[in-house]
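Engineer: 3D model of this:
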Amino acid sequence: MDRDMLWRWDQVLKTHPNGMRFSCFDGNGNLLATNEYFSVGGGFVVNEKTKVDENLFYKGVDKRIVHGARLHQTHQAEQGDLVHPSKDDDPGHPPYPFDSGNGLLVLTRKHNLTIAQIVHDNERYFGLSEQEIHDKLMRIWVVMDDCIRTGVSTTESTLPGRLKLRRRAPMLYRRLMRGFYPGIGIQATHLIGSGLSMSAGAVDAPEEMKTSQDTEGHSVSMPHGGRSRAAIVTGSFDHAVLPVPPRRTNIPAVDFLSCYAIAVNEVNAAGGRIVTSPTNGAAGVIPAVLKYIVEFVSDDPEKSIKTFLLTAAAIGMLFKRGSTISAAEGGCQAEVGVACSMASAGFAACMGASPETVLQAAEIGIEHNLGLTCDPIDGLVQVPCIERNSLGAVKAITAAQLSMASDGVYRVTLDEAIEAMRLTAADMSVKYKETSLSGLATTVKIPLTVPAC
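Structural biologist: Next comes the predicted model:
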């Protein structure tokens with residue numbers, strides 16, 4: 001291992017901070033071949049050749065079976081590549097190509113299409129049928145929904161790692177369900193695409209809660225003993241400013257939104273299955289907002305899921321092309337910030353907003369995440385990452401609501417915000433780019449007696 005793997009902490013490859021160079025030598029130590037690979041965020045791994053094409057074939061293990069248009073966008077096709085069938089009207093690219101928010105907006109106006117319709121038709125160009133696109137989108141949602149269910153129903157109490165961080169999603173979910181029908185997790189909902197009716201998270205009320213009957217025969221929840229505990233008030237009663245007794249606010253929709261995001265990121269922190277959207281560290285924002293739409297807003301879940309995911313994908317493409325979705329390159333603004341922007345656009349689209357308003361929602365989502373640093377404690381995607389996804393989800397809906405209420409009144413465009421993010425990323429210290437060299441990673445002390453995981 002010491003001979004074959006050389007860790008050069010003092011060097012950073014030019015293309016991207018997350019880089020690895022592979023070199024092959026003969027028995028005499030002569031260099032035979034070398035190549036560099038870079039993890040650029042969102043599951044994309046590129047080298048010098050494929051980075052110019054945005055690694056569009058990253059899912060294709062065997063490049064011979066990947067559609068030529070997706071592999072090389074037909075402009076760099078090599079001998080043996082499967083190229084899109086030649087047609088007189090084939091422009092050599094998808095029907096609605098765009099590389100900026102303004103360009104996307106022009107296309108929607110010119111062809112009277114929504115952003116989701118633009119992306120859908122572009123996917124058709126790559127050889128997918130309408131049914132295949134539908135099935136793939138539903139599959140993404142099923143995995144997201146399963147991830148939320150896993151997070152809120154797990155019996156594990158702590159996350160891996162020497163932080164010994166307590167899981168909160170199960171507790172939060174039980175607390176939320178307490179106000180509904182005691183002993184019943186939640187009404188059965190259909191997992192779209194699975195063909196099965198399953199509970200979206202049949203989690204019982206907390207063990208300390210009992211079900212009893214009130215004077216009118218209604219079922220109510222009370223702690224053991226039949227009486228509630230007296231609240232402990234902090235502060236002096238012999239004072240001009242009397243202390244405020246503790247109380248708990250109840251905003252169920254927003255509380256569920258936070259719970260969903262935390263559930264996903266706790267599953268991620270424990271090595272569970274998630275959807276990279278757009279990255280693993282920011283994987284909770286988009287599922288949380290989409291689950292919120294399905295459960296609290298939509299009257300047509302399938303339509304909402306497709307509209308949301310296709311719209312969010314368009315915004316993600318713009319960030320990947322114009323800036324970055326890698327925390328190692330741009331800090332957390334590139335992960336939770338981009339996820340917030342994508343989710344905000346998706347939410348606005350599901351609310352029937354115009355393409356211009358959808359792009360404005362995306363702009364608000366990223367504008368107020370500019371400069372967000374990535375300083376995970378102990379290098380683990382736990383603190384502050386898990387809570388940050390929760391706040392990112394709430395902020396996404398707030399941004400969408402604000403854009404819809406603004407009635408087309410705005411000053412900053414999405415393209416300008418993406419460029420501002422790129423410049424901010426370039427100026428940001430490497431200490432705040434996933435390196436755990438400053439910020440919370442250095443101010444929070446971890447007991448050295450606890451072995452690292």
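Engineer: Help me confirm that Q360 is found in a helix?
Structural biologist: Yes. According to DSSP: H, G, I helix; E, B strand; the rest coil, Q360 belongs to a helix.
Engineer: quick one: it and P278, what's the gap?
Structural biologist: Relative to P278, Q360 is positioned 20 Å away (CB to CB, to the nearest Å). For the C-beta atoms, the positions are set from N, CA and C on the backbone; glycine is no exception.
Engineer: what does A328 give?
Structural biologist: Distance, A328 to P278, by CB to CB: 14 Å.
Engineer: Which neighbours do the two have in common?
Structural biologist: Jointly contacting A328 and P278 under the rule CB atoms under 8 Å, 6 or more residues apart in numbering are G41.
Engineer: okay, those two: which has more neighbours?
Structural biologist: P278 (30 against 22; other CB atoms under 10 Å).
Engineer: Do I have it right that the more buried one meets S341?
Structural biologist: No. Counting by CB atoms under 8 Å, P278 stays clear of S341, with 9.7 Å between them.
Engineer: who touches both of these two?
Structural biologist: F319.
Engineer: Spatially central residue for this protein, please.
Structural biologist: Against the mean C-alpha coordinate of the chain, by CA atoms, centre = their mean, the closest residue is A283 at 3.2 Å.
Engineer: Contacts only, for that one.
Structural biologist: V264, N265, N268, I274, V275, T276, S277, A339, N389.
Engineer: Please identify, among the residues you listed, the one with the most neighbours.
Structural biologist: Of the contacts of A283, with other CB under 10 Å as the count, A339 tops at 37 neighbours.
Engineer: And what about F38, helix, strand or coil?
Structural biologist: Relying on three-state DSSP, one would call F38 strand.
Engineer: For K14, see how far away it is.
Structural biologist: According to CB to CB, F38 and K14 sit 10 Å apart.
Engineer: of those two, who's got more company?
Structural biologist: F38 (24 against 8).
Engineer: just to revisit the earlier point, can you classify the residue nearest to the centre of the chain by secondary structure?
Structural biologist: A283 - assigned by three-state DSSP - is coil.
Engineer: now do M20
Structural biologist: Under three-state DSSP, M20 comes out as strand.
Engineer: cool, A343 as well?
Structural biologist: Relying on three-state DSSP, one would call A343 helix.
Engineer: shouldn't it be in contact with A393?
Structural biologist: Yes. With contact defined as CB under 8 Å, A343 reaches A393; the gap is 6.6 Å.
Engineer: what touches both of those two?
Structural biologist: Common neighbours of A343 and A393 (CB under 8 Å, 6+ apart) are V285, A288, V289.
Engineer: Show me what the helix or strand where the second one lies is packed against.
Structural biologist: Taking DSSP states H and E as the criterion, the element that holds A288 is helix 285-292. Based on contacts counted as 3 or more CB pairs under 8 Å, 6 or more residues apart in numbering; DSSP states H and E, the elements that helix 285-292 packs against are helix 130-153, helix 252-269, helix 301-322, helix 336-350, helix 385-405.
Engineer: For it, give the mean pLDDT please.
Structural biologist: Averaged across helix 285-292, the pLDDT comes to 98.
Engineer: Tell me what angle it forms with helix 336-350.
Structural biologist: 30 degrees (axes from the mean of the first three to the mean of the last three CA atoms, to 10 degrees).
Engineer: how much does helix 285-292 deviate in direction from helix 130-153?
Structural biologist: 90 degrees.
Engineer: Just the endpoints, please. Distance across stretch 235-253?
Structural biologist: 32 Å (CA to CA, to the nearest Å).
Engineer: Show me which positions of stretch 101-112 end up buried.
Structural biologist: By 16 or more other CB atoms under 10 Å, the buried positions in stretch 101-112 come out as G101, L104, L105, L107, T108.
Engineer: Run a quick neighbour tally on the closest residue to the last one other than its chain neighbours.
Structural biologist: By that I understand T108. Spatial nearest neighbour of T108, chain neighbours left out: P355 (4.0 Å); criterion: CB to CB, 6 or more residues apart in numbering. Neighbour count for P355, taken as other CB under 10 Å: 25.
Engineer: Would you confirm that P355 contacts N112?
Structural biologist: No. P355 is beyond contact range of N112, at 10.3 Å (criterion: CB under 8 Å).
Engineer: ok, now which ones touch D255?
Structural biologist: Applying CB under 8 Å, 6+ apart, the residues contacting D255 are L172, L176.
Engineer: confidence score at it?
Structural biologist: For D255, the model assigns a pLDDT of 92.
Engineer: For it, give its distance to I397.
Structural biologist: From D255 over to I397 (counting by CB to CB), the distance is 13 Å.
Engineer: follow-up on the earlier one: ok, and the most crowded of the shared contacts of A343 and A393?
Structural biologist: Neighbour max across these (other CB under 10 Å) = V285, 36 neighbours.
Engineer: any low-confidence regions in the stretch 301-450 of the chain?
Structural biologist: Counting by pLDDT under 70, the stretch 301-450 of the chain has low-confidence residues at 448-450.
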